[in-house]
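Novice: dropping a prediction and its sequence here:
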Amino acid sequence: MSYPSNFLSRFVLPKSQYHFALVRPDFRINFALNAGSLSVPTSSVPIYKADILNEQLNQITRQFVGYTISAKLKKGSKDDVQITLPKICQWFAEDFGPNASASDVIVAIEPYLSNEKREAMRIIWNPKKNIYDIGIFSLKYLPFNYECRFLTAPTDLS
């Protein structure tokens, strides 16, 4: 996984290599880890199981983006969308695609979005470039709230 985009983090965080480390980034892990802050939409900390890990990562990603990502038509515009993403999408943009762009993030999370949000984003899809044309005033990142919350074990352990 990539380091957070904060310049100092590259020097402060240890550079350790482990034999069980991922060989390519999986952006879903950014949504799966619960640091206990109020910016994470749930207080539940799932118990991940190897045999159903992929399904669990898909489920937690769908839940996280469902609560935190918005895509709405801009007022008075038929061809521009206001998109709001969680701060972790900005911090760990390299995990979402090769260019670490907002378009890469949206392409990666699109399958996890509701049909309504997907349809709103389709307005800015550019099939010639195969990217989302996101204007600089059309994208906003939610502020990260570091305030702590109590964490709980999941009620459904399946």
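Specialist: Looks like it arrived, so ask away.
Novice: how about the helices in this protein?
Specialist: Assigned by DSSP state H, the helices in the chain fall at 9-12, 28-32, 53-68, 87-91, 102-109, 115-122.
Novice: buried stuff in the second one?
Specialist: For helix 28-32, the buried set under the neighbour-count rule, 16 or more other CB atoms under 10 Å, comprises 28, 30-32. No exception for glycine: its C-beta is placed from N, CA and C like everyone else's.
Novice: in stretch 96-114, which residues are buried?
Specialist: By neighbour count with 16+ other CB under 10 Å, stretch 96-114 contains the buried residues 96-97, 102-109, 112-113.
Novice: any chance of TSV for the helices of the chain, columns distance to Asp133 and mean pLDDT?
Specialist: Below are the helices of the chain laid out as TSV (distance: least, CB to CB, whole Å; pLDDT from 0 to 100):
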stretch	distance to Asp133	mean pLDDT
helix 9-12	30	58
helix 28-32	24	94
helix 53-68	21	95
helix 87-91	18	94
helix 102-109	8	94
helix 115-122	11	92
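Novice: redo these as JSON lines? Include distance to Pro143.
Specialist: Shown next, in JSON lines, are the helices of the chain (distance: least, CB to CB, whole Å):
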{"stretch": "helix 9-12", "distance to Pro143": "18"}
{"stretch": "helix 28-32", "distance to Pro143": "17"}
{"stretch": "helix 53-68", "distance to Pro143": "12"}
{"stretch": "helix 87-91", "distance to Pro143": "7"}
{"stretch": "helix 102-109", "distance to Pro143": "17"}
{"stretch": "helix 115-122", "distance to Pro143": "21"}
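Novice: ranking these by burial, who's on top?
Specialist: Scoring the helices of the chain by mean neighbour count under mean count of other CB atoms under 10 Å gives helix 102-109 as the most buried, with a mean of 21.
Novice: contacts for it, please.
Specialist: For helix 102-109, the external contacting residues (CB atoms under 8 Å, 6 or more residues apart in numbering) are 27, 61, 65, 69, 83, 85, 89, 93, 96-98, 121, 131-134, 139.
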